[in-house]
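Trainee: this is the structure alone, sequence omitted:
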């Protein structure tokens, strides 16, 4: 009698399991069957005749992962709860993102996109283009991007559209972190375009940012002065030379990135070798004055040379001619 009852209980459980393995409340029914079998351990002796699952002699769990496919046929045991499976018990993943249907909260993810645990595309840089498709990951927040996720920069100033506060910066102008042009000397011509970036305050400039006298120097490449005076036979600057030197220094300071030669010249009075040495010393004295009084000017950009009496521009036969020959020339050499 006891054996008959056991057979009846097991047969009832098997019948209910085989008729509706994936019906609603399957997990609850499975738990109930497990409990019933646990109360009647003798029924385990009947496991070999419980076809088609003779290998489940323990009779404690027919569908371990609850996916509706019996363990004996389930080729993918351990399927996550809620995943849609095929007849072999393997998860279905329609959009091929690695997250099974049924669990996937974003079931139509485009191919190639990286997804999170819920199956939804990840966008690390928050630019609207998901990782995996984004060709420019790490785009700064707020930057405008194209379909590939790469930032655009309409004015080519190095600051991306969407972040650029001044989106129409002229080509070549230097900008700050917000994309706005800088104007260090406040002359109205932007750094990077300004050919004279150290113009004194209040000076009138042309479209290149240079005062008229500076532009003339740049255009001609030379300044010739006969008003820089020295003590006779010496390289000592006379006080009355200061005004001329300061005026020329102000021009040179606007050309601080140019290589400039300071050349000393003498008339033909005196010995040739002495005139050569004197002209070199006078050129050096002028250079030293400029460097001392104009911080924008750097030593590497100035070359002091003496030519003595070898390059006259006028006759040495007259006092007027000799005065023209005693000169200092400033030339752009690079």
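Mentor: Perfect, thanks for sending it. Quick caveat, the model's predicted, so the values are computed rather than measured. Numbering: from 1, shown residues only.
Trainee: quickly list what the nearest residue to residue 226 once chain neighbours are set aside is bridged to.
Mentor: In this structure, residue 226 finds its nearest non-sequential neighbour in residue 327, 4.9 Å apart by CB to CB, 6 or more residues apart in numbering. C-betas here are computed from N, CA, C, even on glycine. Counting by DSSP bridges, residue 327 forms beta bridges with residue 265.
Trainee: quick one: contacts for residue 327?
Mentor: Residues in contact with residue 327 (CB atoms under 8 Å, 6 or more residues apart in numbering) are 224-226, 228, 265, 313.
Trainee: out of those residues, who has the most neighbours?
Mentor: Within these, residue 265 tops the neighbour count with 24 neighbours, counted by other CB atoms under 10 Å.
Trainee: quick one, longest helix in this protein?
Mentor: helix 272-293 (DSSP state H).
Trainee: please, where are all the helices along the stretch 151-300 of the chain?
Mentor: 212-220, 242-253, 272-293 (DSSP state H, counting those that start in this stretch).
Trainee: and these as a markdown table, adding mean pLDDT and distance to residue 65?
Mentor: As requested, the helices of the stretch 151-300 of the chain are exported to a markdown table (pLDDT from 0 to 100; distance: least, CB to CB, whole Å):
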| stretch | mean pLDDT | distance to residue 65 |
| --- | --- | --- |
| helix 212-220 | 86 | 82 |
| helix 242-253 | 91 | 82 |
| helix 272-293 | 97 | 84 |
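Trainee: which of those helices sits closest to residue 204?
Mentor: Minimum separation from residue 204 across the helices of the stretch 151-300 of the chain (CB to CB) falls at helix 212-220, 7.6 Å.
Trainee: got a list of contacts for the closest one?
Mentor: With CB under 8 Å, 6+ apart, helix 212-220 has contacts from 195-196, 199, 204, 206, 208, 210, 223, 247, 251, 254-255, 330, 332.
Trainee: and those residues, which are buried?
Mentor: Burial by neighbour count, judged by 16 or more other CB atoms under 10 Å, picks out 195-196, 199, 210, 223, 251, 254-255, 330, 332 from the contacts of helix 212-220.
Trainee: just give me the closest of those residues to residue 301.
Mentor: residue 255 (8.5 Å).
Trainee: how much space between the closest one and residue 248?
Mentor: 11 Å (CB to CB, to the nearest Å).
Trainee: and residue 144, by the same measure?
Mentor: With distances taken as CB to CB, residue 144 is found 49 Å from residue 248.
Trainee: those two: which has the busier surroundings?
Mentor: With neighbours defined as other CB under 10 Å, residue 144 and residue 248 compare such that residue 248 has more, 23 against 17.
Trainee: please name the residues that touch that one.
Mentor: Neighbours of residue 248 in contact, by CB under 8 Å, 6+ apart: 223, 225, 290, 330.
Trainee: minimum distance to residue 130: which of the helices of the stretch 151-300 of the chain has it?
Mentor: Smallest distance to residue 130 across the helices of the stretch 151-300 of the chain (CB to CB): 53.3 Å, for helix 212-220.
Trainee: and the closest one, what's buried?
Mentor: Result for helix 212-220 [16+ other CB under 10 Å]: buried residues 214-215, 217-218.
Trainee: likewise stretch 156-175?
Mentor: Applying 16+ other CB under 10 Å to stretch 156-175 flags 157, 159-164, 167, 169, 173-175 as buried.
Trainee: no further questions, thank you.
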